[in-house]
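Participant: Next come a sequence and a model predicted from it.
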Amino acid sequence: MGILQVNDVNKRFGGLQALNNVTLDIEEGSVHAIIGPNGAGKSTLLNCFVGRLVPDTGTVMFNGKSLLGIKPYEINQIGVSRVFQTPEIFEELSLLENVMIPAFAHRDGAFRINAWASVGSEGEVRDRALHVLDDVGLVDKKDMIAGSLSRGDKRRLELAMCLVQDPQLLLLDEPTAGMSRADTNNTIDLLKKIGERGITKIVIEHDMHVVFSLAHKITVLAQGTVIAEGLPDDIKGDPRVQEAYLGG
Ligand code: ADP
Ligand code: MG
(Lines give C-alpha, C1' and ligand atoms only; values in the text may rest on other atoms or scores of the structure.)
(Ligands and ions follow the chains in the order given, each with its own letter.)
Protein backbone atom coordinates (compact mmCIF):
# COMPACT_ATOMS: atom_id res chain seq x y z
CA MET A 1 0.00 0.00 0.00
CA GLY A 2 1.40 3.39 -1.03
CA ILE A 3 1.88 6.43 1.17
CA LEU A 4 -0.63 8.29 -1.03
CA GLN A 5 -3.52 6.49 -2.66
CA VAL A 6 -5.73 8.31 -5.10
CA ASN A 7 -8.81 6.53 -6.34
CA ASP A 8 -11.15 7.53 -9.16
CA VAL A 9 -10.80 11.25 -8.60
CA ASN A 10 -13.03 13.44 -10.75
CA LYS A 11 -13.06 17.22 -10.87
CA ARG A 12 -15.17 19.34 -13.16
CA PHE A 13 -14.95 23.11 -13.74
CA GLY A 14 -18.26 24.02 -15.39
CA GLY A 15 -18.24 22.18 -18.70
CA LEU A 16 -14.62 21.08 -18.40
CA GLN A 17 -13.73 17.67 -17.01
CA ALA A 18 -10.36 18.67 -15.52
CA LEU A 19 -9.77 15.26 -13.86
CA ASN A 20 -11.33 12.08 -15.14
CA ASN A 21 -11.22 8.98 -12.87
CA VAL A 22 -7.62 9.59 -11.85
CA THR A 23 -6.14 6.70 -9.87
CA LEU A 24 -2.59 6.76 -8.51
CA ASP A 25 -0.58 4.86 -5.95
CA ILE A 26 2.55 6.62 -4.71
CA GLU A 27 5.17 4.35 -3.20
CA GLU A 28 6.76 5.54 0.02
CA GLY A 29 10.26 6.95 -0.46
CA SER A 30 9.93 7.21 -4.23
CA VAL A 31 10.07 10.12 -6.64
CA HIS A 32 6.92 9.99 -8.72
CA ALA A 33 6.71 12.34 -11.70
CA ILE A 34 3.45 13.53 -13.20
CA ILE A 35 3.87 14.83 -16.72
CA GLY A 36 1.53 15.94 -19.46
CA PRO A 37 0.75 18.88 -21.72
CA ASN A 38 -0.40 22.25 -20.49
CA GLY A 39 -3.93 22.10 -19.14
CA ALA A 40 -3.75 18.32 -18.57
CA GLY A 41 -4.92 18.72 -14.97
CA LYS A 42 -1.60 18.30 -13.14
CA SER A 43 -1.90 21.33 -10.87
CA THR A 44 -5.58 20.59 -10.31
CA LEU A 45 -4.61 17.12 -9.11
CA LEU A 46 -2.03 18.49 -6.67
CA ASN A 47 -4.59 21.01 -5.44
CA CYS A 48 -6.81 18.05 -4.53
CA PHE A 49 -4.00 16.63 -2.36
CA VAL A 50 -3.49 19.77 -0.29
CA GLY A 51 -7.05 20.88 0.36
CA ARG A 52 -7.11 23.75 -2.12
CA LEU A 53 -9.68 21.89 -4.19
CA VAL A 54 -12.10 19.13 -3.27
CA PRO A 55 -12.72 16.45 -5.90
CA ASP A 56 -16.32 15.96 -7.04
CA THR A 57 -15.93 12.23 -6.46
CA GLY A 58 -13.15 9.84 -5.50
CA THR A 59 -10.80 9.39 -2.55
CA VAL A 60 -7.35 10.65 -1.55
CA MET A 61 -5.72 8.74 1.31
CA PHE A 62 -2.41 9.66 2.96
CA ASN A 63 -1.05 6.97 5.27
CA GLY A 64 -4.54 5.52 5.33
CA LYS A 65 -6.19 8.80 6.36
CA SER A 66 -8.50 10.72 4.03
CA LEU A 67 -7.22 14.15 3.00
CA LEU A 68 -10.62 15.24 1.76
CA GLY A 69 -12.58 17.69 3.84
CA ILE A 70 -9.65 18.64 6.08
CA LYS A 71 -8.09 22.07 5.95
CA PRO A 72 -4.87 22.85 4.05
CA TYR A 73 -2.98 23.68 7.25
CA GLU A 74 -4.08 20.40 8.81
CA ILE A 75 -2.88 18.46 5.77
CA ASN A 76 0.40 20.32 6.10
CA GLN A 77 0.67 19.42 9.75
CA ILE A 78 0.21 15.71 9.15
CA GLY A 79 3.21 15.71 6.83
CA VAL A 80 2.33 16.97 3.35
CA SER A 81 4.20 20.03 2.02
CA ARG A 82 3.94 21.68 -1.34
CA VAL A 83 6.15 23.88 -3.49
CA PHE A 84 3.88 25.98 -5.66
CA GLN A 85 4.17 26.67 -9.37
CA THR A 86 4.76 30.34 -8.52
CA PRO A 87 6.95 30.74 -5.42
CA GLU A 88 4.93 31.83 -2.39
CA ILE A 89 7.43 33.58 -0.17
CA PHE A 90 7.39 36.68 2.02
CA GLU A 91 9.22 39.05 -0.32
CA GLU A 92 9.84 41.79 2.25
CA LEU A 93 11.25 39.51 4.97
CA SER A 94 14.70 37.99 5.35
CA LEU A 95 15.43 34.44 4.25
CA LEU A 96 15.80 33.34 7.85
CA GLU A 97 12.42 34.85 8.78
CA ASN A 98 10.84 33.18 5.76
CA VAL A 99 11.98 29.78 6.96
CA MET A 100 11.17 30.40 10.63
CA ILE A 101 7.53 31.28 9.90
CA PRO A 102 6.44 27.85 8.59
CA ALA A 103 8.41 26.22 11.40
CA PHE A 104 6.43 28.17 14.00
CA ALA A 105 3.17 27.58 12.17
CA HIS A 106 3.90 23.89 12.26
CA ARG A 107 4.81 23.91 15.93
CA ASP A 108 1.69 25.81 16.91
CA GLY A 109 -0.65 23.60 14.92
CA ALA A 110 -3.32 21.32 16.25
CA PHE A 111 -1.65 18.13 15.03
CA ARG A 112 1.63 17.34 16.72
CA ILE A 113 2.50 13.93 15.50
CA ASN A 114 5.92 14.20 13.89
CA ALA A 115 9.41 15.30 14.82
CA TRP A 116 8.31 18.91 15.07
CA ALA A 117 6.09 18.15 18.04
CA SER A 118 9.04 18.63 20.33
CA VAL A 119 10.15 21.98 18.93
CA GLY A 120 10.01 24.53 21.68
CA SER A 121 11.95 27.75 21.91
CA GLU A 122 12.59 30.41 19.31
CA GLY A 123 16.27 29.50 19.51
CA GLU A 124 15.55 25.94 18.48
CA VAL A 125 13.36 27.06 15.59
CA ARG A 126 16.10 29.43 14.47
CA ASP A 127 18.74 26.70 14.60
CA ARG A 128 16.53 24.40 12.63
CA ALA A 129 15.85 27.11 10.03
CA LEU A 130 19.59 27.80 9.66
CA HIS A 131 20.27 24.12 9.23
CA VAL A 132 17.71 23.86 6.42
CA LEU A 133 19.02 27.04 4.75
CA ASP A 134 22.43 25.41 4.79
CA ASP A 135 20.97 22.27 3.18
CA VAL A 136 19.61 24.27 0.25
CA GLY A 137 22.78 26.36 -0.10
CA LEU A 138 21.34 29.68 1.09
CA VAL A 139 22.74 30.04 4.60
CA ASP A 140 25.20 32.76 3.52
CA LYS A 141 22.24 34.85 2.36
CA LYS A 142 20.16 34.36 5.52
CA ASP A 143 19.83 38.10 6.26
CA MET A 144 19.04 39.16 2.71
CA ILE A 145 15.51 40.26 1.83
CA ALA A 146 13.77 37.43 0.01
CA GLY A 147 12.42 39.71 -2.71
CA SER A 148 15.95 40.46 -3.88
CA LEU A 149 16.77 36.81 -4.67
CA SER A 150 17.16 35.37 -8.17
CA ARG A 151 14.37 33.16 -9.42
CA GLY A 152 16.37 30.02 -8.77
CA ASP A 153 17.18 31.09 -5.22
CA LYS A 154 13.51 31.92 -4.55
CA ARG A 155 12.62 28.36 -5.46
CA ARG A 156 15.37 27.08 -3.19
CA LEU A 157 14.01 29.26 -0.39
CA GLU A 158 10.54 27.89 -0.92
CA LEU A 159 11.93 24.39 -0.75
CA ALA A 160 13.61 25.27 2.56
CA MET A 161 10.25 26.55 3.84
CA CYS A 162 8.81 23.10 3.11
CA LEU A 163 11.75 21.10 4.43
CA VAL A 164 11.75 22.91 7.76
CA GLN A 165 8.40 21.26 8.39
CA ASP A 166 9.99 17.82 8.06
CA PRO A 167 7.39 16.54 5.57
CA GLN A 168 6.80 12.90 4.73
CA LEU A 169 5.41 13.83 1.34
CA LEU A 170 6.70 16.74 -0.71
CA LEU A 171 4.71 17.98 -3.72
CA LEU A 172 6.63 19.98 -6.29
CA ASP A 173 4.79 21.80 -9.06
CA GLU A 174 7.29 22.56 -11.83
CA PRO A 175 10.24 23.14 -9.49
CA THR A 176 12.59 24.17 -12.31
CA ALA A 177 10.18 26.37 -14.28
CA GLY A 178 11.93 29.49 -15.52
CA MET A 179 15.36 28.36 -14.34
CA SER A 180 18.61 28.44 -16.26
CA ARG A 181 20.19 25.10 -17.13
CA ALA A 182 22.76 25.59 -14.35
CA ASP A 183 20.05 26.32 -11.76
CA THR A 184 18.03 23.38 -13.05
CA ASN A 185 20.99 21.05 -12.57
CA ASN A 186 21.55 22.42 -9.06
CA THR A 187 17.91 21.77 -8.27
CA ILE A 188 18.17 18.20 -9.54
CA ASP A 189 21.16 17.63 -7.25
CA LEU A 190 19.34 19.20 -4.34
CA LEU A 191 16.24 17.07 -4.87
CA LYS A 192 18.41 13.98 -5.09
CA LYS A 193 20.03 14.93 -1.78
CA ILE A 194 16.62 15.38 -0.17
CA GLY A 195 15.64 12.00 -1.60
CA GLU A 196 18.37 10.39 0.43
CA ARG A 197 16.40 11.28 3.54
CA GLY A 198 13.53 9.15 2.35
CA ILE A 199 11.03 11.94 1.76
CA THR A 200 8.48 10.80 -0.81
CA LYS A 201 8.18 13.29 -3.66
CA ILE A 202 5.62 13.96 -6.34
CA VAL A 203 7.10 16.15 -9.05
CA ILE A 204 5.18 17.85 -11.82
CA GLU A 205 7.67 18.77 -14.45
CA HIS A 206 7.87 19.89 -18.06
CA ASP A 207 11.60 19.43 -18.43
CA MET A 208 12.19 15.84 -19.51
CA HIS A 209 15.82 16.05 -18.46
CA VAL A 210 14.62 16.67 -14.89
CA VAL A 211 11.97 13.96 -15.08
CA PHE A 212 14.35 11.29 -16.33
CA SER A 213 17.07 12.35 -13.87
CA LEU A 214 14.84 12.03 -10.82
CA ALA A 215 11.76 9.89 -11.31
CA HIS A 216 11.39 6.27 -10.25
CA LYS A 217 7.94 6.15 -11.76
CA ILE A 218 6.05 8.38 -14.18
CA THR A 219 2.35 9.01 -14.68
CA VAL A 220 1.23 10.73 -17.85
CA LEU A 221 -1.92 12.87 -17.76
CA ALA A 222 -3.66 14.18 -20.84
CA GLN A 223 -6.99 16.02 -20.75
CA GLY A 224 -7.52 14.94 -17.16
CA THR A 225 -7.02 11.25 -17.86
CA VAL A 226 -4.10 8.98 -16.95
CA ILE A 227 -2.96 7.73 -20.36
CA ALA A 228 0.20 5.89 -19.28
CA GLU A 229 2.10 4.95 -16.18
CA GLY A 230 5.35 3.12 -15.64
CA LEU A 231 9.11 3.17 -15.28
CA PRO A 232 10.97 5.98 -17.07
CA ASP A 233 12.22 3.64 -19.80
CA ASP A 234 8.70 2.39 -20.51
CA ILE A 235 7.33 5.91 -20.69
CA LYS A 236 10.09 7.11 -23.00
CA GLY A 237 9.14 4.54 -25.60
CA ASP A 238 5.35 4.70 -25.20
CA PRO A 239 3.76 5.91 -28.46
CA ARG A 240 0.72 7.35 -26.64
CA VAL A 241 3.06 9.53 -24.63
CA GLN A 242 4.96 10.64 -27.70
CA GLU A 243 1.70 11.60 -29.33
CA ALA A 244 0.04 13.34 -26.37
CA TYR A 245 2.99 14.94 -24.75
CA LEU A 246 5.91 15.21 -27.06
CA GLY A 247 3.69 16.15 -29.97
CA GLY A 248 4.14 12.96 -32.02
P1 ADP B 1 -1.82 21.76 -15.81
O2 ADP B 1 -1.30 22.05 -14.44
O3 ADP B 1 -1.67 20.33 -16.21
O4 ADP B 1 -1.25 22.67 -16.85
P5 ADP B 1 -4.33 22.65 -14.68
O6 ADP B 1 -4.60 21.63 -13.64
O7 ADP B 1 -3.83 23.95 -14.23
O8 ADP B 1 -3.40 22.04 -15.81
O9 ADP B 1 -5.67 22.93 -15.48
C10 ADP B 1 -6.45 21.89 -16.06
C11 ADP B 1 -7.63 22.51 -16.77
O12 ADP B 1 -8.54 23.03 -15.80
C13 ADP B 1 -7.26 23.68 -17.67
O14 ADP B 1 -8.07 23.63 -18.80
C15 ADP B 1 -7.55 24.88 -16.82
O16 ADP B 1 -7.87 25.99 -17.60
C17 ADP B 1 -8.74 24.41 -16.00
N18 ADP B 1 -8.82 25.02 -14.66
C19 ADP B 1 -7.88 24.92 -13.69
N20 ADP B 1 -8.27 25.54 -12.57
C21 ADP B 1 -9.50 26.05 -12.85
C22 ADP B 1 -10.45 26.79 -12.08
N23 ADP B 1 -10.21 27.13 -10.81
N24 ADP B 1 -11.61 27.13 -12.69
C25 ADP B 1 -11.85 26.79 -13.96
N26 ADP B 1 -11.01 26.08 -14.72
C27 ADP B 1 -9.85 25.71 -14.18
MG1 MG C 1 0.11 23.40 -13.73
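Facilitator: Yes, it's here. Numbering: from 1, shown residues only. Ligands and ions are numbered 1, 2, ... in the order given.

Participant: tell me the contacts of the residue nearest to the spatial centre of the chain?
Facilitator: Ranked by distance to the mean C-alpha position of the chain (Cα atoms, centre = their mean), the top residue is residue 171 at 1.5 Å. Going by Cβ atoms under 8 Å, 6 or more residues apart in numbering, residue 171 touches 46, 49, 50, 80, 81, 82, 83, 201, 202. All C-beta atoms are positioned from the backbone trio N, CA, C, and that covers glycine.

Participant: For it, which non-adjacent residue is spatially closest?
Facilitator: residue 82 (4.2 Å; Cβ to Cβ, 6 or more residues apart in numbering).

Participant: can you tell me which residues contact that neighbour?
Facilitator: The contact partners of residue 82, taken as Cβ under 8 Å, 6+ apart, are 46, 49, 50, 162, 170, 171, 172, 173.

Participant: Determine the three-state secondary structure at the residue of the chain found nearest ligand 2.
Facilitator: Taking Cβ to the ion, ligand 2 has its nearest neighbour within the chain at residue 43, 3.1 Å off. Assigned with DSSP: H, G, I helix; E, B strand; the rest coil, residue 43 falls in the helix class.

Participant: Hmm, it is touching residue 204, no?
Facilitator: Yes: applying Cβ atoms under 8 Å, one finds residue 43 in contact with residue 204, separated by 7.0 Å.

Participant: roughly how far is the helix or strand residue 74 falls within from the heart of the chain?
Facilitator: Assigned by DSSP states H and E, residue 74 belongs to helix 72-77. Mean-position distance between helix 72-77 and its chain equals 14 Å (Cα atoms, centre = their mean, to the nearest Å).

Participant: Fine by me, thanks again.
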